[in-house]
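Asks: Predicted structure and sequence below. I'll ask about it afterward.
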Amino acid sequence: MPPVIYLAVYALAVARVVRVITTDRITQGPRERLISRLWQRHLRRMPAETLVPEELPEPLTITLVRCPWCLSVWAGVVAAPMVWLAGRSPWLWVPALALAFSQTTGLLARGE
């Protein structure tokens, strides 16, 4: 099992990636364009008689872009092998530490 510090750094890195994708202002434009395209694709697949926008369930792909809880599962799946291999490759620490520092700074800035 990797040391606790590996787990803490990668947990912060996953939290940062999830926040960047789901809620950060810096990705708002691309996120809104992606959601619009996903809705358009979803609507093209629906039979015409069921196209009542207020009653349509949100496509799963859009939920993944908007829901931090949902996206964190997939980001964690990507990060888990990196945690395991971090002890063997110092280069796996560089992006994880950068993201962890960013997440920590964001959390601390909220408390000011």
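Replies: Great, that's in hand. Just so we're clear, the structure is a prediction, and the values are computed from it rather than from any experiment.
Asks: neighbours of the nearest residue to Gln103 once chain neighbours are set aside, just the number please.
Replies: Closest residue in space to Gln103, ignoring its immediate chain neighbours: Arg16 at 3.8 Å, by Cβ to Cβ, 6 or more residues apart in numbering. Heads up, the C-betas are built off the backbone N, CA and C, glycines and all. By other Cβ atoms under 10 Å, 23 other residues sit near Arg16.
Asks: I'd say Arg16 and Leu99 touch.
Replies: Yes: counting by Cβ atoms under 8 Å, Leu99 is a contact partner of Arg16 at 4.2 Å.
Asks: Overlap of the contact sets of the two?
Replies: Listed contacts common to Arg16 and Leu99 are nil; contacts here mean Cβ atoms under 8 Å, 6 or more residues apart in numbering.
Asks: residue ranges with poor pLDDT in the protein?
Replies: In the predicted model, the chain carries pLDDT under 70 at residues 1-2, 46-57, 112.
Asks: Report the separation between the most centrally placed residue in it and Leu12.
Replies: Using Cα atoms, centre = their mean, the residue of the chain that lies closest to the mean C-alpha position is Val18, 2.7 Å off. Separation of Val18 from Leu12 (Cβ to Cβ, to the nearest Å) stands at 11 Å.
Asks: and what of Thr105?
Replies: Counting by Cβ to Cβ, the gap from Thr105 to Leu12 is 10 Å.
Asks: Looking at the two, which is more packed in?
Replies: Shown here are Thr105 and Leu12; by other Cβ under 10 Å, Leu12 has more neighbours (20 against 11).
Asks: Look up the closest residue to that one, ignoring the ones flanking it.
Replies: Ala100 (3.7 Å).
Asks: buried ones in stretch 90-104?
Replies: Burial within stretch 90-104, assessed by neighbour count using 16 or more other Cβ atoms under 10 Å, is assigned to Leu92, Trp93, Ala96, Leu99, Ala100, Ser102, Gln103.
Asks: Fine by me, we can end here.
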